[in-house]
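Trainee: no FASTA, just this:
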DNA sequence: CATTTTAATGCAATTATGTTGCAAATATAA
DNA sequence: TTATATTTGCAACATAATTGCATTAAAATG
């Protein structure tokens, strides 16, 4: 299998972004997690490796290019996850469900779950859907029992 | 029909809140709009009639009592709308769809639209659903044509 | 490989947003 | 009318986000 860092480098180049340390580090961190990652967490993990401002700008650039997508949790905090392949700057295929665990507070991207069609009042034209479910994730509901 | 202000006063008393000017003003503003209202907008409209801190506290108290509910828009900004009758401090019946117009940026509560049942992976237990649709509202899609 | 060009970073300063403590003012109860 | 309990507004503080700009680093060029 191809080297992970190499893959990230290609991803950056493909999107016209320079291969820099903070950017690779963000991709590294995000790819190593099974749920969306909050900005404060990223900030903490990166520590003094990168300025807070740089992190803002990296995340913003990634989002614009469709490399990552942003989910807001119940508190309005930004969380980020690497997009699955379908995404690009033009089209964010982000129509999957996000699951917010009340217990461990992880945010899962349930890529497999499709949002059912929705009947809206006449005149309304739906472009995107953003569905956030809250409750207990598989891990946590296991532990409770 | 009963006087609107009287209704608001009763609503406050019923929830153990004192009848004060800022509280009535907030109810007045929210009730006069057909979509959820952002905190910054409220702040602007109330101007020097009420302190910023007071607005925070009024909104917080109202939310706790189930008089209004909060929706976060795509930017994470808090928006508020008066709850329909089903709500109380104990149970927020907020499982309806919010529609975020890309053009006029209004947030509509589509009370009539039910969120369809959702199939989640084994182990996940859904407690609440929060569905935000974006696109064009009836007004704006009219104007475009 | 040296040099030029372009983009990205880090720092400082600024602005925006949200919170807390407390004295003064106001609404309700007595 | 007075007493009690809330609520308000101010000031101070804390946190989060944004902007401008000089410096640094990456890629393009010859």
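Mentor: Perfect, thanks for sending it. Just so it is clear, the model here is predicted, and its values are computed rather than measured. Numbers count the residues shown, from 1 in each chain, chains lettered A, B, ... in the order given.
Trainee: Counting residues, which helix of chain A comes out longest?
Mentor: helix A:52-65 (DSSP state H).
Trainee: as a whole number, average confidence for that helix?
Mentor: Averaged over helix A:52-65, pLDDT sits at 97.
Trainee: does it come close to DNA strand D?
Mentor: Yes: using Cβ under 7 Å from any atom of the strand, we find that helix A:52-65 touches DNA strand D at A:52, A:53, A:56. (Each C-beta comes from the backbone N, C-alpha and C, glycine too.)
Trainee: Including distance to residue B:36, could those go into CSV?
Mentor: Formatted as CSV, the residues of helix A:52-65 next to DNA strand D follow (distance: Cβ to Cβ, whole Å):
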residue, distance to residue B:36
A:52, 31
A:53, 32
A:56, 27
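Trainee: which parts of the least confident helix or strand in chain A by mean pLDDT are buried?
Mentor: Least confident element among the helices and strands of chain A, by mean pLDDT, DSSP states H and E: strand A:107-114 (a mean of 78). Buried residues in strand A:107-114, defined by neighbour count with 16 or more other Cβ atoms under 10 Å in any protein chain shown: A:107, A:108, A:109, A:110, A:113.
Trainee: Nearest to DNA strand D, out of the residues of helix A:52-65 next to DNA strand D: which one, please.
Mentor: Set against DNA strand D, the nearest of the residues of helix A:52-65 next to DNA strand D by Cβ to the nearest atom of the strand is residue A:53 (4.2 Å).
Trainee: and the residue most central in space within chain A, what element?
Mentor: By Cα atoms, centre = their mean, the mean C-alpha position of chain A lies nearest to residue A:81, the distance being 1.8 Å. Here residue A:81 sits within strand A:78-82, counting by DSSP states H and E.
Trainee: circling back: how about the nearest residue to the residue nearest to the centre of chain A once chain neighbours are set aside, what does it touch?
Mentor: Closest residue to residue A:81 apart from its sequence neighbours, by Cβ to Cβ, 6 or more residues apart in numbering or on different chains: residue A:36 at 4.1 Å. Shown in contact with residue A:36 (Cβ atoms under 8 Å, 6 or more residues apart in numbering or on different chains): A:71, A:79, A:80, A:81, A:98, A:106, A:107, A:108, A:109.
Trainee: go again using 7 Å as the cut-off
Mentor: Residue A:36 is in contact with A:71, A:79, A:80, A:81, A:107, A:109, counting by Cβ atoms under 7 Å, 6 or more residues apart in numbering or on different chains.
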